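S.K.: My questions concern the predicted model and sequence given below.
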Amino acid sequence: MSIQLLIFQILNGIGIGMIYFLLSAGLTLIFGLMRFVNFTHGALYLLAAYVAFALTRSGISFWIALLLAPLTTTFVAIVIERLILRHTYRMAHEAQILITFATALFIQEMVILAFGPLGQNVSVPPQLSGVVFLGPYVYPVYRLAVVGVAAVVALLVWLLIERTKTGSILRAGSEKAEMVGLLGINVDLVFMATFALGGALAGLAGVLAAPLRGVDPFMSAEALGIAFVVVVVGGLGTLSGALVGGLLIGLVQSVMSSVWPEGAQFMIYASMALVLLLRPAGLLGRN
């Protein structure tokens, strides 16, 4: 592989990795706070991608879709949590998996009924359709914009978690939810807010990924599998772990797609297995 192709694939890997971070950040926050296994997460990513597709196909600006799709998934996440998931918190993990998996399948089937079973393309916004020169290298503007947007969102989420009262409550709840409740804080409301934030981040990932890979009704399973790999590699319940895990998996997938295209997916799971062998709690996870 030439140096130019390697650098291009590394840049691609960073872009993909930032999308993986957005996708997995909500998942790791939900697990860290509630020890809840949420299989509806990939379906929210799917829903946002199709909202972006429907809006842009109707002639609405991609930028409006970038705002409306995460708002839609935030609302849907709150509705699902209030109507269904809040009744499952004390159930066994097996029951949570079955219920959230059934909810995800319902959303997937609704998408198929509305848009059909075939994949569709989503156009890159005209303002970001060109290329940019990074020294002697050429790189698509849209992919660079994805890295920038995801980096800004990552910083904002980190500030929310680490530098605000709300973040302190979330972090305290991830350690001792019962103690937070004894302090007079409405833990039920905190749980709902966590699902809302997770839904917004999954929705943003879905919109940003749509012009890169298109949309299809089965993209939620792929996204959910990658998100779980990222969370396990980075460490369950840690936002910084989701960022490191997302970048690592994005780089492995991108570079291996040039070195060994047939084994790119295999190498993602091999990387996870290697990390688990060396650090069972993940790269930045707690035991």
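M.R.: Structure received.
S.K.: helix or strand right after the helix or strand bottoming out on mean pLDDT in the chain?
M.R.: Scoring the helices and strands of the chain by mean pLDDT, DSSP states H and E places helix 177-182 at the bottom, with a mean of 64. Next in sequence after helix 177-182, counting helices and strands by DSSP states H and E, comes helix 187-213.
S.K.: For the helix or strand that comes right after that following helix, which outside residues touch it?
M.R.: The helix or strand immediately downstream of helix 187-213 is helix 219-234, counting by DSSP H and E. The contact list for helix 219-234 (Cβ atoms under 8 Å, 6 or more residues apart in numbering) reads 20-21, 23-24, 27-28, 31, 39, 41-43, 45-46, 49, 104, 107-108, 205-206, 209, 213, 240-246, 248-249, 268-269, 271-272, 275-276, 282-285. Heads up, the C-betas are built off the backbone N, CA and C, glycines and all.
S.K.: With stretch 248-256 instead?
M.R.: The contact list for stretch 248-256, computed with Cβ under 8 Å, 6+ apart, reads 6, 9-10, 12-20, 226, 229-230, 233-234, 263-265, 267-268, 271, 283.
S.K.: List buried residues within the residues you listed.
M.R.: Neighbour counting by 16 or more other Cβ atoms under 10 Å classes 9, 12-20, 226, 229-230, 233-234, 264, 267-268, 271, 283 among these as buried.
S.K.: that older thread, kindly write the PyMOL command that selects the buried subset of the contacts of helix 219-234.
M.R.: To isolate the buried members of the contacts of helix 219-234 in PyMOL, using 16+ other Cβ under 10 Å:
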select buried, resi 20+21+23+24+27+28+31+39+41+42+43+45+46+49+104+107+108+205+206+209+213+240+241+242+243+244+245+246+248+249+268+271+272+275+282+283+284+285
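S.K.: re earlier: just the ones of the buried ones among the contacts of stretch 248-256 in helices?
M.R.: Those of the buried ones among the contacts of stretch 248-256 mapping onto helices are 9, 12-20, 226, 229-230, 233-234, 264, 267-268, 271, per DSSP state H.
S.K.: Hey, what's the angle from the helix or strand that contains V255 to helix 187-213? Just curious.
M.R.: Assigned by DSSP H and E, V255 falls within helix 239-259. Orientation of helix 239-259 against helix 187-213 (axes from the mean of the first three to the mean of the last three Cα atoms, to 10 degrees) gives an angle of 20 degrees.
S.K.: Distance from the helix or strand hosting V157 to the middle of the chain?
M.R.: Taking DSSP H and E as the criterion, V157 maps to helix 141-163. Relative to its parent chain, helix 141-163 has a centroid offset of 13 Å by Cα atoms, centre = their mean, to the nearest Å.
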